[in-house]
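Engineer: structure for this input, please:
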Amino acid sequence: VQLQASGGGLVQSGGSLRLSCTGSGVTLDYYAVNWARQAPGKEREGVSCISRGGADIWYADSVKGRFTISRDNTKNTVFLQMNSLKPEDTAVYYCAAKRRCDSAVAVSWGQGTLVTVSS
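Structural biologist: Numbers count the residues shown, from 1 in each chain. Below you'll find the predicted structure:
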């Protein structure tokens, strides 16, 4: 399972970005997809997860109401729409394929995409 995360960049506080996680050589709709982030000097933390069919979605409290996860299985892609960005959202964002959102271990992690939010 190979995943490609993209869409990061530099944005001002209050701005928006949309991250994409695309499967390569794999049908992503076989997996739940998790977004996590790691800020400098901090541990990686979960941000959001969407189940295989999209019926079950989880958000970290820190992003509820600002981030929206969705999936388009026709494009083999999962999106993370990030609105009202804050400087504390600055991190490298990673996507991962999991059997279920509550699985402890990911099947595969993609490389990260850097999000920088300036104040």
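Engineer: next, the distance between the ends of stretch 86-102.
Structural biologist: Start-to-end span of stretch 86-102 (Cα to Cα, to the nearest Å) is 27 Å.
Engineer: ditto for stretch 38-45
Structural biologist: Distance between the two ends of stretch 38-45: 6 Å, counting by Cα to Cα.
Engineer: can you list contacts of that stretch?
Structural biologist: For stretch 38-45, contacts defined as Cβ atoms under 8 Å, 6 or more residues apart in numbering pick out 36-37, 60, 88, 90-92, 94, 112. C-beta: built from backbone N, CA, C; applies to glycine.
Engineer: so which of those residues is the most crowded?
Structural biologist: Arg37 (24 neighbours; other Cβ atoms under 10 Å).
Engineer: rewinding a little: quick one: which of the contacts of stretch 38-45 is nearest to Gly9?
Structural biologist: Gly9 lies nearest to Thr90 out of the contacts of stretch 38-45, by Cβ to Cβ, at 11.4 Å.
Engineer: my guess is that closest one meets Val117, correct?
Structural biologist: Yes: assessed by Cβ atoms under 8 Å, Thr90 is found in contact with Val117 at 5.0 Å.
Engineer: tell me the phi and psi of the nearest residue to Thr68 once chain neighbours are set aside?
Structural biologist: Leaving out its chain neighbours, the residue that sits closest to Thr68 by Cβ to Cβ, 6 or more residues apart in numbering is Gln81, at 4.4 Å. Main-chain dihedrals, Gln81, degrees, to the nearest 10: phi -80, psi 120.
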